[in-house]
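> got a predicted structure plus its sequence, pasted below:
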Amino acid sequence: MKQKIDGIIVVEGKSDVSFLSSFIDAEFVTTNGSEIPEKTTEYLQKSSGNRDIFVLTDPDSPGKRIRDILDQKIPNLKHCFVSKENSIKKNKVGVAESTKEEILKGLASFVESNESRKGSVTHSELFLIGLEGNADSETKRKHVCEKFHLGHCNAKTFLKRINYARISLEDIKNSI
């Protein structure tokens, strides 16, 4: 039986829709790459007032670019992440190459982009606990990202995501 999701799932292409629709019952919207058509953006803007919008893009730089573009234009997106390690097949990385379990885990642990309810962790605090500016900071951030299902990110994106997810500095320290 397919899992019902009452909302719109934004993905990059048709292969993602084909894979996801085999086990998820939802409305899917494709961006067709990072040059998102204006009509698509307008539809998502209008829909965001009364429906949840889940962004599930590939764990790569074009996927991040799509997220950033949508974040600038549409409020309260729910960002869902799949790990790069669990989303590779035949030298391709993406949502369609992921597993059902990884997708469902990503959809269940989204990060909402809501400026009015974000946390307050700072770059200085990340530096003090070794998540920024040290030789092993990337490794430590990767561990925290996996624990909180935030996807792969550099220090700047990490700070943005933990604050959107309202993850406290104490929770971060405990996870290291």
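Nice, I can see it. Numbering: from 1, shown residues only.
> domains of the protein: list them as residue ranges, please.
Taking automatic domain parsing as the reference, the chain has its domains at 1-113, 118-176.
> mean pLDDT lowest for which of those domains?
Per-stretch mean pLDDT for the domains of the chain is lowest at domain 118-176 (a mean of 90).
> what is the end-to-end distance of it?
22 Å (Cα to Cα, to the nearest Å).
> what's the neighbour count on the closest residue to Ile172 other than its chain neighbours?
Distance criterion Cβ to Cβ, 6 or more residues apart in numbering; nearest residue to Ile172, sequence neighbours excluded, is Val144 at 5.8 Å. For glycine as for every other residue, the C-beta is placed from the backbone atoms N, C-alpha and C. Residues near Val144, counting by other Cβ atoms under 10 Å, number 22.
> list the contacts of Val144.
Val144 makes contact with 131, 150, 158, 162, 172, 175-176, according to Cβ atoms under 8 Å, 6 or more residues apart in numbering.
> closest to Thr57 out of these?
Leu150 (13.8 Å; Cβ to Cβ).
> burial of that closest one, as a residue count?
23.
> so which residues of this structure form strands?
In the chain, the strands defined using DSSP state E lie at 3-11, 24-30, 52-55, 78-79, 88-89, 92-93, 111-112.
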